[in-house]
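Visitor: Dropping a prediction and its sequence here:
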Amino acid sequence: MGEVEGEIDTFVSQGFKSDFRLSNWLMQKELKTPQTRKIKEHLQSLLNELQEAKEGKDSQLSEGYAFAKGRPLTRWIKFIQGMITDCETKMAHRRAERKPRKRTQKPAGELVQGVKYKKEDKVGTLALKSISPVKLIGAQEVWFYHSKWHAMIRGVASTKDGFTVKGTTLKGYDPSLSTYQRVRNPVPFIKQAQTAKKTVLRKLSKKIGTKAKPWKGRMNDGMVIIRVI
């Protein structure tokens, strides 16, 4: 700070003129943000004092800066304002240079520990065995069958990053495309959901024929995971 104050004194003694650029000085010194902030705070305090002296509301300040009255005081204010801007620019660059902290991605097995689902079920003559919920992480589409509700449930991811899971809730699903529908004759539809291509799956809801209602991502122990894409 002493060097900066020395440059300000030189500015005044040279008739309120100087080629000094605080931005260059800050770059040479490689100061960290806390140090730059302290310099800025000191300069801001001086600027406030100079502006009050110019306004003439404080008689003591006006008297103290009478030697710089008029244009010299205006130049002085601009000089300090420029130095404050240099400090702000330097701090902004420092923030931009900071590498964002990498979030520690939990293993898929840990993410799905709280998931509730039905491991096995039987629908008529069709034996169902659930797909592991681990496969939900990063997937783009999932189909469930709920035997108690007699319902087919479809979840569609909202982004390319796919699904993740928090507790018993599937996260990252698109609410406009994720639905559940009651099914009168589930077996053929379950088989289609298990094996059909994605283009066929998009039309499966219409084939089911019942009203599709929004699904809110909640999973429970009545749901068998029959397809994950």
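Guide: On my side now, so go ahead. Residues are numbered from 1 along each chain as shown.
Visitor: biggest helix in the chain, by residue count?
Guide: Longest helix in the chain, counting residues (DSSP state H): helix 71-97.
Visitor: For that one, name the packing helices and strands.
Guide: helix 2-13, helix 22-29, helix 33-55 (3 or more CB pairs under 8 Å, 6 or more residues apart in numbering; DSSP states H and E). Using the backbone N, CA and C atoms, a C-beta is placed for each residue, glycine as well.
Visitor: mind putting the ones you listed in a markdown table, mean neighbour count and distance to A68 included?
Guide: As requested, the helices and strands packed on helix 71-97 are exported to a markdown table (neighbours: other CB atoms under 10 Å; distance: least, CB to CB, whole Å):
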| stretch | mean neighbour count | distance to A68 |
| --- | --- | --- |
| helix 2-13 | 13 | 7 |
| helix 22-29 | 15 | 20 |
| helix 33-55 | 16 | 8 |
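Visitor: pLDDT below threshold where in the protein?
Guide: Flagging of the chain using pLDDT under 70 yields the residue ranges 99-103.
Visitor: Break it into its domains for me.
Guide: Listed by automatic domain parsing, the domain ranges of the chain are 2-97, 108-228.
Visitor: Could you report the neighbour count for K119?
Guide: K119 sits with 11 neighbouring residues when counted by other CB atoms under 10 Å.
Visitor: returning to what we had before: which elements pack onto the following helix or strand past the longest helix of the chain?
Guide: Downstream of helix 71-97, the next assigned helix or strand under DSSP states H and E is helix 108-111. Under the contact criterion of 3+ CB pairs under 8 Å, 6+ apart, helix 108-111 touches strand 164-166.
Visitor: The strand it packs on: how far from the chain's middle?
Guide: 17 Å (CA atoms, centre = their mean, to the nearest Å).
Visitor: how about CSV for the helices and strands packed on helix 71-97, with distance to V123 added?
Guide: Shown next, in CSV, are the helices and strands packed on helix 71-97 (distance: least, CB to CB, whole Å):
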stretch, distance to V123
helix 2-13, 79
helix 22-29, 71
helix 33-55, 63
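Visitor: hmm, back to that, and the angle for the longest helix of the chain with helix 2-13?
Guide: With axes from the mean of the first three to the mean of the last three CA atoms, to 10 degrees defining the directions, helix 71-97 sits at 150 degrees from helix 2-13.
Visitor: got the buried residues for helix 71-97?
Guide: Within helix 71-97, the residues scored as buried using 16 or more other CB atoms under 10 Å are 73, 75-77, 79-80, 83-84, 86-87, 90-91.
Visitor: Repeat that for stretch 56-75.
Guide: 61, 65, 68, 73, 75.
Visitor: Just flag the most distant two among the residues you listed.
Guide: Using CB to CB, the buried residues of stretch 56-75 span at most 17.4 Å, a distance reached by L61 and R75.
Visitor: picking up where we left off before, which stretch among the helices and strands packed on helix 71-97 approaches Q113 most closely?
Guide: Nearest to Q113, of all those, is helix 33-55, at 40.4 Å by CB to CB.
Visitor: Give me the angle between the closest one and helix 2-13.
Guide: Using the same axes, to 10 degrees: helix 33-55 against helix 2-13 is 30 degrees.
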